[in-house]
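Chemist: Let me see the structure of the following:
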Amino acid sequence: MSDAPGGDRPLGGGEPDRLTARQETILRTVVEEHIATGVPVGSKNIAGREGIDFASSTVRYELARLEELGHLDHPHTSAGRVPTDRGYRYYVDTLLTRDPPAQAPALVESALDVTEMRREVDAALSRLADVVAQVTNLLGIVTAPAPQTSTVRHVEVLPLQPQVVMVVVITSTGAVTKRVFAFESAVDPGLCEWAGAFLNEQLTGVTVGSRLIEGRLADPSLGMRERGFLGVLAPAITDLDPGVEESIFIGGRARFLAEQRHLDLMAIDALMESLEERYALLAMLRGALSRNQVYLRIGAELPDRSLSGLSMVAANYGVARRNLGTVSLIGPTRMDYRLAMATVRGAAQLLSRYVEGVYE
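Modeler: From the prediction side, this is the model:
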């Protein structure tokens, strides 16, 4: 995990137009005041503030200039300005990078006990989604690793009836799969006991669905009877549905809808549809999974134009050689980016420590 505070820039290419120090001060004030209050910010809200010794006429001129440059907008007939997507992007990529890195809220740091047994990874991911939503009042989303990334922890081969055998596989994430096999003749219970012991000896710690499993099951030292029996049972471990994708855990949905009633109804409807059609949400998060830095999309930068008015902040978690999933927050463009970035970064680092004992 990288501590880089900003995401890559998806629009325009190159660096954003550099503003003067005075323009940067005014832009920062407008962004942070608008985030805090939700109302347009006028020159009267800026002039005379601590650290700002510009005359009101100068502030008005710079506000107009920032609007011309596309960083601010002038809604309706209001005397105040609000940040545009471009203004938020400059604030995040240029201004926030000069500040000391923000720390994740204490509630995030204590959300998971990294010393406990990692038997229920799904429960931990769900709990973390709720916590990141709670501390930010945004929508918290955590994606789980794909099933193919887990390893075999334990295998049971159980005779249910004389001609029926069930194979139970428990993975490193605590997932349990069961598969039943029917034979033409009665199966020796001793053969089932042997198969269970052999499979645990050969496969414990091996990635589920990997080719290595097939090689270990085809042990040339085994007799025809044993090899034939294992050949029938093998699909219980080797065959995973290639269409199965990682699970998604969503936290704070009710709170988000209550807090963000001011958002455009079309944007809310589009977001709720994305949550229902998880493949669309996973597609949005795929960019975060491929990068080792905080990943940020603001307003029109999101792939779905109907989500304009929303922003997404995400970070990936994983182990030394693999990114396994993402922690993300979705909310209005008028979100507290400093808090959101610190939260997903801290949560992702916490999850990375948590899954160290589960994934190699």
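
Chemist: Tell me who's in contact with residue 212.
Modeler: By C-beta atoms under 8 Å, 6 or more residues apart in numbering, residue 212 lies in contact with residue 206. Glycine gets a C-beta too; all of them are placed from N, C-alpha and C.

Chemist: what do you get if the cut-off is 10 Å, keeping everything else the same?
Modeler: Shown in contact with residue 212 (C-beta atoms under 10 Å, 6 or more residues apart in numbering): 202-203, 206.

Chemist: now swap in residue 42 and tell me
Modeler: Per C-beta under 10 Å, 6+ apart, neighbours of residue 42: 30, 33, 56, 59-60, 63, 78-81.

Chemist: which of those count as buried?
Modeler: With burial judged by 16 or more other C-beta atoms under 10 Å, the buried subset of the contacts of residue 42 is 30, 33, 59-60, 63, 80-81.

Chemist: Of all those residues, the one with the weakest confidence?
Modeler: Among those, residue 80 has the lowest pLDDT, at 87.

Chemist: Leaving out chain neighbours, which residue sits closest to that one?
Modeler: The shortest distance from residue 80 to any non-neighbouring residue, by C-beta to C-beta, 6 or more residues apart in numbering, is to residue 40 (2.8 Å).

Chemist: and if you look at residue 150?
Modeler: Nearest to residue 150 is residue 171, by C-beta to C-beta, 6+ apart, at 4.1 Å.

Chemist: and the one you found, how many neighbours does it have?
Modeler: Applying other C-beta atoms under 10 Å, we find 20 other residues in the vicinity of residue 171.

Chemist: What's opposite it in the beta bridge?
Modeler: Per DSSP bridges, the residues bridged to residue 171 are residue 152.

Chemist: how much space between it and residue 177?
Modeler: In this view, residue 171 and residue 177 are 8 Å apart by C-beta to C-beta, to the nearest Å.

Chemist: swap in residue 137?
Modeler: 38 Å.

Chemist: now do residue 156
Modeler: Here residue 156 is placed at a distance of 11 Å from residue 177 (C-beta to C-beta).

Chemist: Now the common contact residues for the two.
Modeler: Common contacts of residue 156 and residue 177 (C-beta under 10 Å, 6+ apart): 167-170.

Chemist: and of the residues you listed, the nearest to residue 221?
Modeler: residue 167 (22.0 Å; C-beta to C-beta).

Chemist: Which pLDDT value does the model give the closest residue to that closest one other than its chain neighbours?
Modeler: Leaving aside its chain neighbours, residue 167 sits nearest to residue 236 (3.8 Å; criterion: C-beta to C-beta, 6+ apart). You'll see residue 236 listed with a pLDDT of 84.

Chemist: Isn't residue 236 up against residue 199?
Modeler: Yes. Between residue 236 and residue 199 there is a contact under C-beta atoms under 10 Å: 9.3 Å.

Chemist: Name the residues contacting each of those two.
Modeler: 155, 157, 167, 169.

Chemist: quick one: the last one and residue 90, what's the gap?
Modeler: Counting by C-beta to C-beta, the separation of residue 169 from residue 90 is 51 Å.

Chemist: Span of stretch 37-56 from start to end?
Modeler: End-to-end distance of stretch 37-56: 21 Å, with C-alpha to C-alpha, to the nearest Å as the criterion.

Chemist: mind listing what's buried in it?
Modeler: 40-43, 45-47, 54.

Chemist: so the residue nearest to residue 80 makes contact with residue 67?
Modeler: No. Contact criterion C-beta under 10 Å: residue 40 and residue 67 do not qualify, at 11.6 Å.

Chemist: and for these two, which residues touch both?
Modeler: Shared contacts of residue 40 and residue 67, counting by C-beta under 10 Å, 6+ apart, come down to 73-74, 81.

Chemist: Which single one of those residues is nearest to residue 329?
Modeler: Out of these, the member with the shortest distance to residue 329 (by C-beta to C-beta) is residue 73, at 23.7 Å.

Chemist: Isn't that closest one up against residue 84?
Modeler: Yes. Using C-beta under 10 Å, residue 73 is in contact with residue 84, at 5.1 Å.

Chemist: the more surrounded of those two?
Modeler: residue 84 (20 against 15).
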